[in-house]
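# following is a predicted model, sequence given first.
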Amino acid sequence: MLTIAIVVVHSIVSLMLLGTVLLHSGRGGGLSDMFGGGIGASALGSSVAEKNLDRITVTCALIFTFTTIGLGIILSR
């Protein structure tokens, strides 16, 4: 039962991680340019949307890491 729950959480978080990574900007562009904040954001640094996207991405990455380690420990037994 616990294994199934961890696999479900792991699958959802992996899709969220994929989505948030794809929303990040490469060499310009990205989430802030989609909503019209490209010129101001490049002059003043990161926009609020990009900072929040960074936080969400880091959170998803940490959850992904812990679920991967948890699944490895559970399935090795």
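Done, it's in.

# helix, strand or coil for the most centrally placed residue in the chain?
Geometric centre of the chain, nearest residue: T57, 2.6 Å, by Cα atoms, centre = their mean. For T57, the secondary-structure state derived from DSSP: H, G, I helix; E, B strand; the rest coil is helix.

# could you shift the numbering so residue one becomes 11, and keep it that way?
Yes, from this point I'll number from 11; that puts the last item at T67.

# so what's it closest to, chain neighbours aside?
For T67, ignoring the flanking residues on the chain, the nearest one in space by Cβ to Cβ, 6 or more residues apart in numbering is T30 at 4.3 Å. Heads up, the C-betas are built off the backbone N, CA and C, glycines and all.

# so who does the one you found touch?
With contact taken as Cβ atoms under 8 Å, 6 or more residues apart in numbering, T30 is in contact with 63, 66-67, 70.

# picking that back up, which residues touch the residue nearest to the centre of the chain?
Taking Cβ under 8 Å, 6+ apart, we find T67 in contact with 27, 30-31, 34.

# what is the lowest-pLDDT residue among these?
Note: of the contacts of T67, the lowest pLDDT belongs to H34, at 84.

# how many other residues sit next to it?
H34: 13 surrounding residues under other Cβ atoms under 10 Å.

# ok, it touching L63?
Yes. Under the contact definition of Cβ atoms under 8 Å, H34 touches L63, with a separation of 6.6 Å.
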